[in-house]
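Undergrad: sequence below, structure please.
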Amino acid sequence: MSVPYETPELPEKHVGHAEGLLERALNSFELPQETLTRLDSALAHDSALHSAHHSAGLHRETYRHTWLLTDGSALTLWELVYRSDLDGLAQHEVYADGEDATVAAARFPFGPADMAECDFEFDTEAPVQLPLGPEGPHREYVPDDSADHARRLLRRAENPDHPGKDMDQLLRAAFAHEITQAFTRPFAGGDASAPGYSLYEHAFLLLDGSEISLWEVEHTSTPDGRHMCEVYATREAAQQAMEGRSGLV
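TA: Residues are numbered from 1 along each chain as shown. Down below sits the predicted model:
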């Protein structure tokens, strides 16, 4: 697995990242001295959310922090962050082994009520699946620069009533997304020159477990027949826009 390290100008920046992690961790004194010594030679680092479990009463995340060292080797630490809705205070622990972090996370069991209200649980090595309804199919979210995908989608929207800064700010917390085609009409009445329409749902999964969808209309109903992209906050608004342009019902 390749890791997109931040390339440094000052190695102290990456050592400082490690120091901050160790300072906030309640159990950093348990790390081997050899591990601490190796961190002094950090040249670059990468941090990523590895897994999360959010319920009505408890929030738990595991982060993977990886450093590139001067000898060319890599060192990884696993940070466990947990907080309850009672006090809202985040607690941090750090581990040199991923299995140890998993065992530590298991100290926070989720009861039947919590499991019923659980928002999401995922591992970034695999797609995230969430049910669409009690008996419906599952969404399959993919963690893949989803916040950037949302930003680019909103940027290319040409309709003046597209979602604005509030939506852009909200979707900065997106870590996974799924794109599905909800409708398509390549051309009408056998006329290949007639405008084509497609409707896509861009569903985003946020860090707090909530879901947001943007609806993209792609069409060629323009004076010169060029391709145009419009984005709406609801499916109803997107369908009304298509109907207004093409008479679709």
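Undergrad: where does residue 64 sit: helix, strand or coil?
TA: Classification of residue 64 using DSSP: H, G, I helix; E, B strand; the rest coil returns strand.
Undergrad: what's the neighbour count on it?
TA: 18 (other CB atoms under 10 Å). (Each C-beta comes from the backbone N, C-alpha and C, glycine too.)
Undergrad: mind telling me what element the closest residue in space to it that isn't next to it in sequence is part of?
TA: Leaving out its chain neighbours, the residue that sits closest to residue 64 by CB to CB, 6 or more residues apart in numbering is residue 50, at 4.5 Å. Residue 50 is part of strand 42-54 when elements are defined by DSSP states H and E.
Undergrad: alpha carbons only: can I get that strand in PDB?
TA: Output of strand 42-54 as PDB, limited to C-alpha atoms (Å, rounded to 0.1, in the frame of the first residue of the first chain):
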ATOM      1  CA  ALA A  42      10.800  11.300  11.000                       C
ATOM      2  CA  LEU A  43      11.000  13.000   7.600                       C
ATOM      3  CA  ALA A  44       7.400  12.900   6.500                       C
ATOM      4  CA  HIS A  45       4.000  11.600   7.700                       C
ATOM      5  CA  ASP A  46       0.500  10.700   6.700                       C
ATOM      6  CA  SER A  47      -2.600  10.400   8.800                       C
ATOM      7  CA  ALA A  48      -5.900   8.700   7.800                       C
ATOM      8  CA  LEU A  49      -9.100   7.700   9.500                       C
ATOM      9  CA  HIS A  50      -9.000   3.900   9.500                       C
ATOM     10  CA  SER A  51     -12.400   2.900  11.200                       C
ATOM     11  CA  ALA A  52     -15.200   4.400  13.100                       C
ATOM     12  CA  HIS A  53     -18.300   3.400  15.000                       C
ATOM     13  CA  HIS A  54     -20.900   6.000  16.000                       C
END
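Undergrad: what strands line up against it, and which way round?
TA: strand 58-69 (antiparallel), strand 120-123 (antiparallel) (DSSP bridges).
Undergrad: re earlier: was I right to think the residue nearest to residue 64 contacts residue 62?
TA: Yes. Contact status for residue 50 versus residue 62: in contact at 4.8 Å, counting by CB atoms under 8 Å.
Undergrad: shared neighbours, these two?
TA: Common contacts of residue 50 and residue 62 (CB atoms under 8 Å, 6 or more residues apart in numbering): residue 78.
Undergrad: residue ranges with poor pLDDT in this structure?
TA: Along the chain, the parts satisfying pLDDT under 70 run over 1-15, 54-57, 85-87, 108-139, 143, 184-195, 246-249.
Undergrad: which residue ranges of it form helices?
TA: 11-24, 33-39, 98-105, 112-117, 146-156, 165-170, 235-246 (DSSP state H).
Undergrad: in JSON lines, list the ones you listed along with distance to residue 199.
TA: JSON lines is the format used below for the helices of the chain (distance: least, CB to CB, whole Å):
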{"stretch": "helix 11-24", "distance to residue 199": "43"}
{"stretch": "helix 33-39", "distance to residue 199": "50"}
{"stretch": "helix 98-105", "distance to residue 199": "40"}
{"stretch": "helix 112-117", "distance to residue 199": "32"}
{"stretch": "helix 146-156", "distance to residue 199": "14"}
{"stretch": "helix 165-170", "distance to residue 199": "18"}
{"stretch": "helix 235-246", "distance to residue 199": "6"}
